[in-house]
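Participant: I'll drop the sequence and a predicted model, then ask my questions.
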Amino acid sequence: MSKLSRNIFIETILNILYFPLWWYSKGLKKTFLFVFKKSKKLSKYLGLKILFAYLFKPMFGQYDFKGRIISFFMRCLLLGWRLFLFLLGILGLLTLLIIYIILPILSIWQIIKLT
Amino acid sequence: MKYIYCPTCNGRGRLINEKKCPKCQGRGFYALIGGFLIYFEESFYPGQKIIHGLKKFFRILINSALFGFGLLGIISILKVLLHLDFLSHYWQFFFLPPRKLKLIFWISILTDCFLYYRLISFSEKKKIIWPQTKGEITSQAIDWSDISRLPNRFKINVIDALSPKAFTLILNSWNLAKKLKHKEILPIHLFSAGLNLSGFALIINRLGISWIKLKSKITQALSLLPTGEETNFSIETKQVLFRAYEIAAEKKAKNISLTEIFQSISEQKNMVTEILYDLEITGTEVKNVCVWIDVYKKIKERWQKFRGAAQLRPKGAMNKAMTAIATPYLDAYSQDLTQIARGGYLPICLDRKKEFAEIFRIIEGGQQSLILVGQPGVGKTSIINGLAWKMIEENVPKYLQDKRLVSLSVPSLVAGASRPGEIEERLQIIMNEIVRAGNIILFIPKIHNMVGVKTTKGELDISEMLADALKRKLFLVIATTFPKEYRENIETKSLGQVLTKVEIDEPEENATIQILEANTAYIEAKQQVYFSYGAIRKAYKLSKQFIHERFLPEKAINLLKEVASAVHRKRGRRTIIHAEDVAEIVSEKTGIPVTKVTEKESEKLLNLESRIHQRIIDQNEAVNMVSAALRRARTELRDVKRPIVNLLFLGPTGVGKTELAKTVAEVYFGNENKMIRLDMSEYQTKESINRLIGTPGSEKGGQLTEAVRLNPFSLVLLDEIEKAHPDILNLFLQVMDDGRLTDALGRTIDFTNVILIGTSNAGTQFIQDEIRKGTSIKTIQDILIREKLKPYFRPEFLNRFDGIIVFKPLGKNEIREITKLLLNKIIKKLANKGITLKITEEAINELAEAGFDPTFGARPLRRVIQERVNDAISKYLLTGKIERKDIVILDKNGTIRIKKGQGLNL
């Protein structure tokens, strides 16, 4: 039993020591990749690439002059709106990344300040 | 895989005194896999299972404490920020000053980070890095002396790659061996310990093994093992684990699971494989079951991935680029397959890589429309469904991306059109819509139905309208049709010029079995039964061999459905379907015995000669040969690519040739009417070939081919075969050799389930003369084949027969026996009417004498009996002289005496 408790104790200590190292190496990489993947998926979901590529192509098969003009402005509007949504998403994700980076430092600073 | 053994302990890891080998530290040996050295090192101790559990418990305890503290931190900060003073009433802790509560909050943030790290890094630990080709050590340069010099990153402990369940298995096997005081832990310990784990149980159930038999065999085997004080892992067990590692690495699995260990055990020669062999399971079967389990996993993974992709696809007719237009007219006559797939309602399409590659090559090459040509049931629709899946996953050439796959229904296009030109108008509007929308790939199933459809005289039909649009490459069509319809209606018409042909064949064996395995999931869920691997395999094998005119994989899937519902009805829910259940249904459907030979039946087969002799008198050689052929067929030792047996019966008329053929039909096919009888004297001219296999250009099949097509399991009797035209004999040469014949309509007729018997009177005079001289049948047979049959048959034709059987002319004794047989039939018939018929010996002799004719054999006998017995008795019956319970005695000179039966005195 003593062997077991020693085992668990050592394991926990090693765990605590490794924690800061992991947080700013493997953990950071993981979080960064998460943010990157999510923003890629968001861009795909909003169809940004396709909207850019078809900016001058009339919508709904309206190939006449009026149709082209309306389509272009409509697409610009749509693109603007979706870009806004995309930026919002990116901003959120970036905030997440920043929080991840500063959280341990911030809490340690606060703890020192408060004690 | 190469093993490198420790020279000191020869791989055992222990010295003779059971101490750990100092040279290898007890590792014993290494396996070289993909440039890495794999070893087994784990010391188990009593109570380890409990300690493992405790460790897990403490881990959860610490995590829960961290979580609780995190929660406390959040409540603390909420109290400070929102002034939730009431909290202090519930817990005095919250009386702490705000500064302290804030401190607790910030500490809890840190512990939250720590908890996050613990959870994530623990799940990371489970991921194994399999050996890859990069940074390898080469296998040639390795022997024992090199190992110590190699850096540790090239050495992997197989224990680290085990899944938690697999580790439990190893631990349990150690406990089991320890409990039984066995010296070594062998693969059988692994196997026995695995029986309680669901991963093993699943495989055993899929293999259809009887648990009772298996468990008793294992207990028996375990009791035979030597005992000792120390318990160590044997070299065999370690090799099993190394091989499991290799299998998992090849699959790029997450870790070594129970499936890989089971497969690995079954691949090596050990006690377990011996036991499995006794239960009719081989390593290949285990491997296939493991593949089956992987197929299920793969389907699940692909489904999850597919659901993710489906979310990215817009709902409705619009494409992502918003260039398309709505197609209301087309929608009324069609189904949007991509939308159905998006909703998750299309079944998965497995394999078919070759076909998809060809389809994509054609589309990428020149945006050419194409037509899938294949027999019904080979999976054309399934490929189209697969295409819809791939379009959702965007796993298609660029041209097909962001497009809709729309299935046009020709019947609804044509239905209800009454005005002249209405159908043409409908199609024109649809085509205009497709062109304008620009995001539609049109799928037309059974496109041959479009050929010839028109409402106005002299104008083009709708298929030609479509062909014209396709010629201008206005849009892309994928169509399907059957080979015959393609040849007749499409190839030579305008559609044939614009549609590139893609042939779809039946999938090969392994692919079919995988398709069946994937399909069983639906059937199992519906009928609440489970298929064993043997059942799936049998369904494939038997449907291929016995179900004609339909095609794989559909016919096998239908067979499985039928079996599942039959077994559900017979044995209820939660039963396992075995290979025998499938065989039983096929036997019922075809009348052919394909189930395992039961004891009763094997006795029947062994005594086949005496059974046949109940109908045939003498002719021992003929009866023996036929019996042997039937036994070969029933025990599946025959060549399945030829007819069951080809026999030539030679001999004078009336000696029992036809009678023997009838008996064979009754014994093997269950009914003497299962016989296709052709009188070859009717086929003496070359032109008569058309009557046999059909006339080219006509819809009617030939007399032989049509009969065999409709009754593939029958006896084909060719009477007087020597009279047929030589060209017709050549036709049979192919039948006897390949077991198939192509009729005038181009259909291949299967002859592999027929018994082919030709009869001939050729050489009769010679046989009679030689028999009279007392020459042996064997000699007569030899001379016949070498000389006497030459004018009638070519040597290669005679060679195709499995047996040429000479029937002896009948002597007086045989005729007497036959007389008895025929009279017995009358006795039975009268017994049904309640009348007893007795025939005196003199009467029998008299009848035999009158019926005997050296030239015609037993043929006149039938007539004699008919005249003298049947006719006489029928007269008595009609005049009412004979009644129920009477005894009729037939005496010599045809006299009939009647003994009145005793009625009840009422």
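Facilitator: Cool, the structure landed.

Participant: For B:His548, see how far away the residue in the stretch 601-750 of chain B that chain A sits nearest to is.
Facilitator: Distances between the stretch 601-750 of chain B and chain A by C-beta to the nearest C-beta are smallest at B:Gly746, namely 46.7 Å. For every residue, glycine as well, the C-beta is placed using N, CA and C. Counting by C-beta to C-beta, to the nearest Å, the gap from B:Gly746 to B:His548 is 15 Å.

Participant: Ok, B:Glu424 next?
Facilitator: B:Glu424 is 40 Å from B:His548, by C-beta to C-beta.

Participant: Spatially nearest residue to B:Ala201 (excluding sequence neighbours)?
Facilitator: Nearest residue to B:Ala201 in three dimensions, chain neighbours excluded: B:Leu195, at 7.0 Å (C-beta to C-beta, 6 or more residues apart in numbering or on different chains).

Participant: Spit out the contact partners of the one you found.
Facilitator: B:Leu195 is in contact with B:Ala201, B:Ile204, B:Leu214, B:Lys215, B:Ile218, counting by C-beta atoms under 8 Å, 6 or more residues apart in numbering or on different chains.

Participant: For A:Asn15, what is the enclosing helix or strand?
Facilitator: A:Asn15 is part of helix A:2-24 when elements are defined by DSSP states H and E.

Participant: anything in that helix near chain B?
Facilitator: Yes: for helix A:2-24, a contact with chain B is found by C-beta under 8 Å from any C-beta of the partner chain, at A:Leu4, A:Asn7, A:Ile8, A:Thr12, A:Asn15, A:Ile16, A:Phe19, A:Trp22, A:Trp23.

Participant: Can you give me the buried ones in that helix?
Facilitator: Buried residues in helix A:2-24, defined by neighbour count with 16 or more other C-beta atoms under 10 Å in any protein chain shown: A:Ile8, A:Asn15, A:Phe19, A:Trp22, A:Trp23.

Participant: tilt between the following helix or strand past it and helix A:2-24?
Facilitator: From helix A:2-24 onward toward the C-terminus, using DSSP H and E, the following helix or strand is helix A:26-46. In terms of direction (axes from the mean of the first three to the mean of the last three C-alpha atoms, to 10 degrees), helix A:26-46 departs from helix A:2-24 by 50 degrees.

Participant: and the angle from the longest helix anywhere in chain A to helix A:2-24?
Facilitator: Longest helix in chain A by number of residues (criterion: DSSP state H): helix A:65-114. Relative orientation of helix A:65-114 versus helix A:2-24 (the same axes, to 10 degrees): 130 degrees.

Participant: What parts of chain A come near chain B?
Facilitator: A:4, A:7-8, A:12, A:15-16, A:19, A:22-23, A:26-27, A:30, A:44-45, A:47, A:50-51, A:53-54, A:57-61, A:75, A:103-104, A:106-108, A:110-111, A:114-115.

Participant: Among these, the buried ones, what's the PyMOL command?
Facilitator: Restricted to buried positions by 16+ other C-beta under 10 Å, the PyMOL selection for the residues of chain A next to chain B reads:
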select buried, chain A and resi 8+15+19+22+23+27+47+50+51+54+58+59+60+75+103+104+107+110+111
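
Participant: Dead centre of chain B: give me the residue that sits there.
Facilitator: B:Tyr540 (1.9 Å; C-alpha atoms, centre = their mean).

Participant: returning to that earlier point: hang on, the residue of the stretch 601-750 of chain B closest to chain A packs against B:Lys484?
Facilitator: Yes: B:Gly746 is in contact with B:Lys484 according to C-beta atoms under 8 Å; the separation is 7.2 Å.

Participant: More neighbours: which of those two?
Facilitator: B:Lys484 (14 against 11; other C-beta atoms under 10 Å in any protein chain shown).

Participant: residues in contact with the helix or strand containing the more buried one?
Facilitator: Using DSSP H and E, the element containing B:Lys484 is helix B:483-485. Helix B:483-485 is contacted from outside by B:Val373, B:Gly374, B:Gln375, B:Lys446, B:His448, B:Gly746, using C-beta under 8 Å, 6+ apart.

Participant: didn't B:Ile749 look like it was pressed against B:Thr705?
Facilitator: Yes: the criterion here is C-beta under 8 Å, and B:Ile749 meets it with B:Thr705 at 4.8 Å.

Participant: if I read this right, A:Phe19 contacts B:Tyr117, doesn't it?
Facilitator: Yes: with contact defined as C-beta under 8 Å, A:Phe19 counts as touching B:Tyr117 (5.1 Å).
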